[in-house]
Structure formats: C-alpha cells, structure tokens
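> using only what follows, build the 3D model:
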Amino acid sequence: MTSVLAVLAGALVVAVVVLLVQQRRTARRLLLAGARLNPDVVATGQGLAEATSVVERVVDRALVAGDDQTATEARLAAALRVIPQGIVVFEPDGSIGFRNKVAKAYLAGRHGDALVEEAILEAADAVISGGGATNERPVELFGPPRRTLVVRGIAVDVEDGTGALVVVEDVTERRRLESVRRDFVANISHELKTPVGALGLLAETLVTEDDPAVAKRLAERMLTEAFRVGRTIDDLLELSRIEADEVASRDDVSVRTIVGEAVDRVRGAADQRDIEIQIDPMPDRLGVVGDRRQLVSALYNLLENAVKYSDPGSAVRVWTSTDGRMVDLKVEDHGIGIPRRDIERVFERFYRVDRARSRDTGGTGLGLAIVRHVANNHHGEVRVESDEGHGSTFTLRLPLGAGPVAITEQAG
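Next up, the predicted model:
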C-alpha cells in the first residue's frame, strides 16, 4: 500500500511539473503573439494569467485602433463627397475605386459633361501608363453657360502598383475675375494716362507762351484735365470703399433725405447745362433700409448720368413708388438714350456708350458700376429702360424700411 501511494505521489509530481512547463510555454507563446501585435510588448517570464492579461490589452488596443482607422476613412470619404471639386480615384488596373458626387454628374452627363468624362479617363490613363507623371489639361465648355474646367491627374502609389487621382476643378469664376482685373488695369491706365499726358503737354506749351489770352486758355484747360484726374481717383476710391462694405449698415433711411442730398450734389452741374431737376411728390414716411451714404452716392450717380447725357434746356425727373415690400427710385431723362446692344454693358466699369461724347462731358465710366454695387450690397437691383434718341429711365430698387407707408403704385 505504501509503495502504491509513493507511485501515485510521483505521478502527481510529474503531472504538476508537466502542467507548469505547459503553462510557461503557453504564457511564452501568448507574450510572443502580443509582441507581434504590438512591438512595445516585452516577452518576459510572466505567468499564464499575466500573459493572458497582456494579450487581452494588446487585442483591445488593436481593435480600438482599427475602429479609429475605419472612422477616419469614413470621415475622409464624407469630406471628399462634399468638396466642390470632382474627385475620381483609379486603381492600378484602370478601374474606378472612388468617385465623389460632383464627379458622378459627369459620368451620366451629356454633351459638355461627356467631354469632361473623356478628359478624366484620358488623364488617369496618362498617369498610370506614364509611370506616375502628372497630367493636366483645360476643358472649355461653351454651354450655355460657358464654363472652363481644369482636369488634373496625379499619381498615387499603392501596394500593387501606381493608381491615379483625378481632380476636376471649375475655374470659370477665377478666369472671369482675372479677365476683369486685366481689363481694369488697362482701362484705368488709359483713363489716367490721357489727362496726365494732356497736362504735361499743356504745361510745356504754357512755359513758352507769351500771349496772356492764350496762357489763360491753357491754364483753364489744365484745370479741366486736373479735375478729370481727381474725379477719376475719387470715383475709384468710392467704388473700392463700396465694394469693401459688402454688408451695408441696416438703418432706416428716409427717401426724402436720399433724394434731397443727391439732388443738392448734382444741382451745380444741372444749372451749368440749363437742365431742370423735377422731383415728384412722395409719401412723408417712405423709407428704405441701408447705408445712407451709399444710397445717396448711387442716386447721385444716376442723376449725374442723366444730366450729362441730356440735351441742354431739357428736364430730368425723379420719382418714387412702392409695392409695400420694395421701393423704386426712378430717374428719367430725355437725352440720347442707349442702343439696345449696349444696355447689358452700361453697368461695367469704364464702359461708355458714346466715347466721343464722354470726353466732352468728363465722365469716368465708373458711376453706373458704383450704382450696381450699392444695389447688390442692399439686396436690391438696378434696371434700365431706354429708347435710343429719346431718353432713358433708371430704376434703383431697394428694400422697404420699417413703419407704415402709403402704397403708391405697383413697383417693378
């Protein structure tokens, strides 16, 4: 019996030793697996419970990191879907892996959009087959509306080769602004160069002139040219200030105040040309919402334009109307009128219908551009109706101010 117990005890000891060895091996394998998942884990001689705990922590961190990566990828995909540029991602085999909402419109498009789709495929093919060379080309769409797009292919290196990222950007507005800037620089250079050149020539002539009468005429002409330069600069500063104030102040301004101040400013020019300013009666409490200084400047420019292009001895009429929501300030003249082909362009900077007459009247070509910017700043608009040879009527439409007013006639 004693010998049997001794054998059993020996077997138990062997079993315990074997179990301990297996546990240490298992713990060691678990630690090595954890180290493969996270290189920061150090494989030491810890027990099975400790090793299991280490692996659990490593796996938890891996799962969290995987979730974070998935969430990041989802956020990036969402961002790519809403950006204004078209985005198309091509795999190395030429297949499309991703296309955002803007780019999808070109896939189902017709006519001009089909040309964009073709340009996208060509850009991707050039990048992939060219081994990563960036490819870029403009695409002109003649509309309507006319648009200019730039299709740019960029190489994207992935595990199984070189793919392509194609970006489609609409640069229509940028090109338009560049054209406006170039025209503006050319026009202002011309507008300033002409009177400055005349001043130089007149001054040179005046230096050698002995006849007092001729010298007086030259000096008067110099004053005229100097005034022209000053007026051009003043109008440029006014236009720049109005453009900078894209959000006009929201004050209630009396229409009587606007009309009165604008008429007072133009009265001198009207008297010189023997032109009568007729102001129709208007409701006492009629007002608009906006910046008084800008509104007076806009109406003054309409009045000055009317006086400038009216025949001497004629009249310029100012009157108002409202429909309970908007107020119309109207300026009517009986001058030379505007040809139909020029009506859409009269609000452009420096554009003149009659350049020969503009030299005589001393206009800068900026007045109506100022009116348009003031109207836009006040969420209004400016309109023109004209009969060539019989006169024009300009209408400045503005939001009605607070308070009760008498509704005169239907505006607009």
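> from now on I want contacts and neighbour counts done on CA atoms only, so please keep to that.
OK.
> give me the helices and strands touching the helix or strand where Ala215 lies, please.
Per DSSP states H and E: Ala215 is located in helix 212-244. In terms of contacts (3 or more CA pairs under 8 Å, 6 or more residues apart in numbering; DSSP states H and E), helix 212-244 is packed against helix 172-207, helix 367-377.
> lowest mean pLDDT across those, which one is that?
Taking the average pLDDT of each of the helices and strands packed on helix 212-244, the minimum falls on helix 172-207, with a mean of 81.
> returning to that earlier point: make a markdown table from the helices and strands packed on helix 212-244 and add distance to Arg317 and mean neighbour count to it.
Conversion of the helices and strands packed on helix 212-244 to a markdown table gives the following (distance: least, CA to CA, whole Å; neighbours: other CA atoms under 10 Å):
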| stretch | distance to Arg317 | mean neighbour count |
| --- | --- | --- |
| helix 172-207 | 30 | 14 |
| helix 367-377 | 18 | 23 |
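> okay, the ones you listed in CSV with distance to Ile258 next?
What follows is the helices and strands packed on helix 212-244, written out as CSV (distance: least, CA to CA, whole Å):
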stretch, distance to Ile258
helix 172-207, 30
helix 367-377, 13
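> for Met222, which of these is the nearest?
If you check each of the helices and strands packed on helix 212-244 against Met222 by CA to CA, helix 172-207 wins as the nearest, at 5.7 Å.
> and Arg267, how far from Glu261?
Summarising the geometry, the distance separating Arg267 from Glu261, computed by CA to CA, to the nearest Å, is 10 Å.
> what ranges does the protein have for its helices?
Secondary structure of the chain, counting by DSSP state H: helices at 2-37, 48-82, 101-107, 112-129, 172-207, 212-244, 255-272, 292-308, 355-361, 367-377.
> Asp170 and Leu149 touch, don't they?
Yes - counting by CA atoms under 8 Å, a contact exists between Asp170 and Leu149, whose distance comes to 4.4 Å.
> how about the contacts made by Glu209?
Glu209 makes contact with Ala215 under the criterion CA atoms under 8 Å, 6 or more residues apart in numbering.
> on that earlier part again, angle of the helix holding Ala215 against helix 172-207?
Using axes from the mean of the first three to the mean of the last three CA atoms, to 10 degrees, the direction of helix 212-244 lies 160 degrees away from that of helix 172-207.
> what about the stretch 101-250 of the chain, any weak spots by pLDDT?
Counting by pLDDT under 70, the stretch 101-250 of the chain shows low-confidence ranges at 107-112, 131-132, 245-249.
> just read off the phi/psi values of Pro92.
As for Pro92, its main-chain torsions (degrees, to the nearest 10) stand at phi -60, psi -30.
> look up how far Glu117 lies from the nearest residue to it once chain neighbours are set aside.
Take Pro92 and drop its neighbours on the chain: the residue closest to it by CA to CA, 6 or more residues apart in numbering is Gly163, 4.2 Å away. Between Gly163 and Glu117 the distance, using CA to CA, works out to 18 Å.
> these two: who's more crowded?
Taking Gly163 and Glu117 together and counting by other CA atoms under 10 Å, Gly163 has the greater number of neighbours (27 against 21).
> wait, that one sits on Ala133?
No - using CA under 8 Å, Gly163 is not in contact with Ala133; the gap is 11.2 Å.
> any residues in contact with both of those two?
Overlap between the neighbourhoods of Gly163 and Ala133 consists of 127, 155, taking contacts as CA under 8 Å, 6+ apart.
> report the contact partners of the residue lying closest to Val82 once chain neighbours are set aside.
Closest residue to Val82 apart from its sequence neighbours, by CA to CA, 6+ apart: Lys101 at 7.1 Å. Contacts here follow CA under 8 Å, 6+ apart; on that basis Lys101 touches 81-82, 86.
> check the spacing between Lys101 and Glu140 real quick.
Between Lys101 and Glu140 the distance is 21 Å, computed by CA to CA.
> equivalent analysis for Arg176, please.
13 Å.
> what do these two both touch?
Taking CA under 8 Å, 6+ apart as the contact criterion, no residue touches both Arg176 and Glu140.
> what about Thr320, how many residues close to it?
Other residues near Thr320 number 24, with proximity taken as other CA under 10 Å.
> quick one: it and Met326 touch, right?
No - taking CA under 8 Å as the definition, Thr320 is not a contact partner of Met326, at 10.6 Å.
> show me what contacts the nearest residue to Phe184 once chain neighbours are set aside?
Setting aside the residues directly before and after it, Phe184 is nearest to Arg349 in space (CA to CA, 6+ apart), at 7.5 Å. When contacts are counted by CA under 8 Å, 6+ apart, Arg349 touches 184, 365-366, 368-369.
> kindly report the same for Arg99.
Residues in contact with Arg99, defined by CA under 8 Å, 6+ apart, are 81, 86-89.
> related to what we said a few turns ago, take the contacts of Lys101 and lay them out in JSON lines including pLDDT and neighbour count.
Formatted as JSON lines, the contacts of Lys101 follow (pLDDT from 0 to 100; neighbours: other CA atoms under 10 Å):
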{"residue": "Arg81", "pLDDT": "70", "neighbour count": "18"}
{"residue": "Val82", "pLDDT": "71", "neighbour count": "12"}
{"residue": "Gly86", "pLDDT": "87", "neighbour count": "23"}
